[in-house]
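>>> build me a model:
(3 chains)
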Amino acid sequence: MSTSHAAHPDRLLPADPATRDIARRLLTYVEDLPIISPHGHLEASMFVKDEPFADPTTLLISPDHYLTRVLHSAGVDLADLRVGGTEGKTPREAWRIFASNWDLYTGTATGYWVEQEFEHVFGINPDRLSAENADDIYDELSEILARPDFRPRALAEQFNLEILATTDDPLDDLADHKALAQDPTFSPRVLPTFRPDAYTKMYNPGWAEKTTRLIDVAGDGKAGWEGYLQAMRNRRQYFIDHGATSADHGTHDTDTTPLSHEDAQRILDKGLAGTATLAEMRAFEANTTYRFAEMCQDDGLVMTLHPGVYRNHSASAQKKFGNDIGADIPFQLEYTRGLRPLLSDFGENKDFHFVMFTIDETVFSREVAPLAGYYPAAYVGAPWWFIDEIDAMNRFRSLTTGTTGFSRYSGFIDDTRAYCSIPARHNTSRRVEANYLARLVAEHRISETRASEIIVDLIDASPRRVFKL
Amino acid sequence: MSTSHAAHPDRLLPADPATRDIARRLLTYVEDLPIISPHGHLEASMFVKDEPFADPTTLLISPDHYLTRVLHSAGVDLADLRVGGTEGKTPREAWRIFASNWDLYTGTATGYWVEQEFEHVFGINPDRLSAENADDIYDELSEILARPDFRPRALAEQFNLEILATTDDPLDDLADHKALAQDPTFSPRVLPTFRPDAYTKMYNPGWAEKTTRLIDVAGDGKAGWEGYLQAMRNRRQYFIDHGATSADHGTHDTDTTPLSHEDAQRILDKGLAGTATLAEMRAFEANTTYRFAEMCQDDGLVMTLHPGVYRNHSASAQKKFGNDIGADIPFQLEYTRGLRPLLSDFGENKDFHFVMFTIDETVFSREVAPLAGYYPAAYVGAPWWFIDEIDAMNRFRSLTTGTTGFSRYSGFIDDTRAYCSIPARHNTSRRVEANYLARLVAEHRISETRASEIIVDLIDASPRRVFKL
Amino acid sequence: MSTSHAAHPDRLLPADPATRDIARRLLTYVEDLPIISPHGHLEASMFVKDEPFADPTTLLISPDHYLTRVLHSAGVDLADLRVGGTEGKTPREAWRIFASNWDLYTGTATGYWVEQEFEHVFGINPDRLSAENADDIYDELSEILARPDFRPRALAEQFNLEILATTDDPLDDLADHKALAQDPTFSPRVLPTFRPDAYTKMYNPGWAEKTTRLIDVAGDGKAGWEGYLQAMRNRRQYFIDHGATSADHGTHDTDTTPLSHEDAQRILDKGLAGTATLAEMRAFEANTTYRFAEMCQDDGLVMTLHPGVYRNHSASAQKKFGNDIGADIPFQLEYTRGLRPLLSDFGENKDFHFVMFTIDETVFSREVAPLAGYYPAAYVGAPWWFIDEIDAMNRFRSLTTGTTGFSRYSGFIDDTRAYCSIPARHNTSRRVEANYLARLVAEHRISETRASEIIVDLIDASPRRVFKL
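Next up, the predicted model:
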């Protein structure tokens, strides 16, 4: 351990001494529990190949849009960070830019995760990060990454990773997942997640080709909307056969109004012909959300929904760097009316698990908690993306628990592309839970005994129960 | 007092020792003040009959949708809790379900109220609630409920209940209120509240029959829209003559656009003929809101408004159990533009008291506090329903006070159907106020002397002043 | 210093003793720094004339709608406070009304500023304010205002005012600014700010006359839309030549959709002819917002935007007292989709500084911080107007910093018409920053060394950097 605040055992715990003591005790119940990650964006192939990571920049910077967006906002060209396959600078030069701008990260969630990674994964004092030390640290990290105990599988063991879900296209053959499941030398469960977004958003380039191919390949010879539904059912079953327990849906908005099969067929035809209106495209997407919920009633997959993100907000940046570069911005939505068709029809089924994510904090107390506090199917998704942040996570607890208690919570979701940030993210979540529960104990709202049961349930039992793991 | 945290004298007070000391001192000024409850859902007949409560389940569980929705979200059939007159289980069996699931309530507002009831009303340690003790506690409670000091009137005395408002249909004869007012042996004031919602929402079943009857019975022989207005005026006066000081309006949204009498007549005719469009129905409701405010200028009733709830969200549950079963979900609204017609015309009248409730916390700092901080007629309603919750009540103070100070606050509203929760709810409110004020004192933002004046004003003077009690 | 809490050196600092100690130390780094005020509503002429202030009411009450709205909500007639040039009471009588109602201000942001002014500007213990002492204090203040050291220039020195921006009409000749800049005896920089709202809102009375005059006077002889754009470019350059660094835009909403020049010309013609629809008027305004951003690419003015206020909500009050009397109410908006045309086209330019203000706290974490955390041009504006309040400022930090860090912040904006409140407002901001940073240090999230760098950056460097001062 270094002398950095990042190494302090009380980091993130409340300042009041009596409350901090309670939080410390609560944390001991969960700090060493295995990591369960039911939603994220790593590749299963990483564990199959188990190759050393290329270099510090390729591992830590270029693929992590949480991190590159901070530098970009300060005027750094994304190409200089090698985002989206660009090569404006060498990895070492990109690293120097990052190290020189390390001060920008103070106070950010990303900065906190990165310093935890340095301190607790790589054993490097994060306070050393600076323009002056950039090359030294780059060299140290390069050496570390070359060591056998820093390959993906070895790190999984070091991280105490028990379950990791990936996010996969419905037509993925899941060969990597199969290989891992059959490998007796690899103990973590790496599960696929069914993510059909590419086939529901007519308004995205390539939708028609993909959808035609899906129906052709998996529709059992049926055509049109019937073939579409059949293909989805078949591929969901394929995913289930390969260990999937959930399907993830990044919808544009919350609309779940079902269409008659005639209307769905009509819009599908127009979409394939390139003549659908935007309103029809949105109606088509809303209908698929409803239909996927309907499929869950039969096949038992957990359904996760995360609407409300304006993707690729900067047109010029999208042209240069493609998608997923950090230019996605939340917008406002309503859940109560949007989700009503789906929940009114399927929400009373307690075997259906429907997890509502949001990046709009305002819906937690107004809509998401009231829905999850009534419908047996509905669960409050962990704060995610922009609100996967220490203060926001504290607010989340306060905004939902009074209405739902602790039992309607999805468990923590890291949602990450940054492998080495996983321990820091989960540890953050555990500290935040300890922080919140300690306050309730200090305010004589719950007993410490009950708090110690709850923290274990939140960290360990909730994700297993909600994601049927 | 038991050893439960529910018995702790410092419950809900802040953890910091210096701030807690201030809060403790502030609490002494208000903890024993009488209870003033200007809005709720109890029946006046309860006090007229003064019969023993039937059994623990009928008293505490079946009618309290705050409580049954938690069990329902965990997969319990509402029929097994005897909701809406169903009888899936016996009262004792329903009680066992509740006791076995007591852990679900940890951290919820409802759980906090229930444990306070057990501890402070029934003298039973709430930590004993469990599957094992379910029958024992049921028997103990049954014995308690049979005692004469646990009948409604005796409890009113024990609760130190000074004023309780009920919520009543405009055509109610208010015989029970009259009987209570004339009974020299009963000291609390039980006031009716004029609640005309059943006659303003054309889109609800039964509206046409009810409205026809209202006009026939109370319209002084006038027909149509003129008769409608006259009937409302007459019945308001009848309520005032029976002690009412306020009229309550649970509108769909915040729209208060007035219609010309010609348009109102036209839509009324279409509504009675069953041919009005949804837009017309909404316009009719908005117009009634405006007209009720207009009537207040003459008759002086306080007007309370609480829009923004999607009622009976689950169609299947409504079919089985009827309304008011906990499937009501807030949705998002805007107050600034919606209320403008009403406030721009009547808001400058300081003798008109218009209390704006919301269950959307986001409108407190953005709209409700700025409106109440300008218009002499406008008051900030206490956080209500889903946000009648400890943390939410703390947030409420912080979200409104900087703009409005303390003088524009309605006073606490318990809004309850659960008689025995009344002391716990009001006590919670007093502790939350002590908590907030203690922080301002500790941060040297106000003096402790001033804080002690304010807390008495908030708890005792505010509801009397705002509700003209 | 008096014995009032307003004199306490720890006012606004956190109650926890360890955190308070940190906050105290952080505050020492910034408490005596000069005041930089890049946006406000004082008149440059005040410093040119340097006359004594007329009387306490004219200085402190009548022009400050933050203050008069509190009294108005309590039923005081604005005419009795001499608002908008009315003279319902004499200045001394108006003062008595204020003093008698001093209790209403407890807990408000305004109350806090006023008591700071009394304590720290006038040396009067604010606890003395009451009906009884009203005349005494009025007399004491009158004597103070007659002293030479309480004239505008002397106060500027006492306040340690380094930079003050005014808000000016594009056709203002800026003679006062010029006079001040050329006066070697006056050291503060008093800068004009280009505020073209009167020429963008077709829906406001007088728009056509003003716009015609603008084009005639400054359009280089060009007519129509071409003349409009040319006039704006010319006047912006005139402002730049007189020291302006920013242009301020109080738009109705966030829409920034550009129009073709043909459409702009067409709507301009209809507007001048009085035949434009409301939708066209809004489209015209949105287009001007886009075009002003376009001009910034060339002339380098900083652009500040503050949409979402319903102006003059009370029609009757507007008729009597005019605009800017405190009847402006925030309403809800979306930034993500509204600002997309502007940010997608200009947001990647790091030399363009675009500051997004809001009075809707809900957009901070959902929209404003994610936008500012990506676009090099986008900055998070300080919490402003109704949310320029102690608790709201604390929430602001918590809602934005996790996403943006500290580097995307505009610096504090006092936005005031109340000259003597400037030190209190800036001091409040410094204490709030110390409070927030101290918590991060106490929770081992940042080091105290780093916190001490950040607080200086926030208070001093941020406004200079963002406003190009």
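>>> got the residues of the stretch 51-200 of chain A near chain C?
Within the stretch 51-200 of chain A, the positions near chain C by Cβ under 8 Å from any Cβ of the partner chain are A:69-70, A:72-75, A:103-109, A:111-112, A:127. C-beta here means a position set from N, CA and C on the backbone, and glycine is covered the same way.
>>> which of the residues you listed are buried, as a PyMOL select command?
Selecting only the buried entries of these in PyMOL, with 16 or more other Cβ atoms under 10 Å in any protein chain shown as the criterion:
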select buried, chain A and resi 69+70+72+73+74+103+104+105+106+107+108+109+111+112+127
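>>> just the element for A:Met303, please.
Assigning secondary structure by DSSP states H and E places A:Met303 in strand A:302-305.
>>> contacts for the very next helix or strand once past that strand, please.
Using DSSP H and E, the helix or strand that directly follows strand A:302-305 along the chain is strand A:309-310. Contact with strand A:309-310 is made by A:250, A:328-331, A:359, A:385, C:336-337, C:340, as judged by Cβ atoms under 8 Å, 6 or more residues apart in numbering or on different chains.
>>> tell me which entries of those lie within strands.
Using DSSP state E, the members of these that fall in strands are A:329-330.
>>> quick one: which of the contacts of strand A:309-310 is nearest to chain B?
A:Phe331 (13.3 Å; Cβ to the nearest Cβ).
>>> least trustworthy helix or strand in chain A by mean pLDDT?
Least confident helix or strand of chain A, by mean pLDDT, DSSP states H and E, is helix A:315-321 with a mean of 90.
>>> what comes up buried for that one?
Neighbour-count burial for helix A:315-321 flags A:317-318, A:321 (criterion: 16+ other Cβ under 10 Å).
>>> and that helix with chain C, contact?
Yes: using Cβ under 8 Å from any Cβ, helix A:315-321 reaches chain C at A:315-317.
>>> distance to C:Thr254 added to those residues, as TSV?
Output for the residues of helix A:315-321 next to chain C, formatted as TSV (distance: Cβ to Cβ, whole Å):
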residue	distance to C:Thr254
A:Ala315	18
A:Ser316	20
A:Ala317	21
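>>> kindly check the end-to-end length of stretch A:84-94 for me.
Start and end residues of stretch A:84-94 are separated by 14 Å (Cα to Cα, to the nearest Å).
>>> just give me how far it sits from the chain centre.
Chain-centre distance of stretch A:84-94: 26 Å, with Cα atoms, centre = their mean, to the nearest Å.
>>> got the residues of the stretch 201-350 of chain A near chain B?
Going by Cβ under 8 Å from any Cβ, the residues of the stretch 201-350 of chain A near chain B are A:334, A:336-337, A:340, A:343-345, A:347-348, A:350.
>>> for the residues you listed, which one is nearest chain C?
Chain C has its nearest neighbour among those in A:Glu334, at 11.9 Å by Cβ to the nearest Cβ.
>>> hang on, A:Thr403 packs against A:Glu367?
No: A:Thr403 is beyond contact range of A:Glu367, at 10.5 Å (criterion: Cβ atoms under 8 Å).
>>> the two - which one has more neighbours?
The neighbour comparison of A:Thr403 against A:Glu367 (other Cβ atoms under 10 Å in any protein chain shown) goes to A:Thr403, with 31 against 28.
>>> identify the residue nearest the more buried one in space, chain neighbours excluded?
Counting by Cβ to Cβ, 6 or more residues apart in numbering or on different chains, A:Ala369 is the residue found nearest to A:Thr403 once chain neighbours are left out, at 3.9 Å.
>>> just checking, what packs against whatever helix or strand that neighbour lives in?
Assigned by DSSP H and E, A:Ala369 belongs to helix A:369-372. On a contact count with 3 or more Cβ pairs under 8 Å, 6 or more residues apart in numbering or on different chains; DSSP states H and E, helix A:369-372 meets strand A:378-380, helix A:390-404, strand B:329-330.
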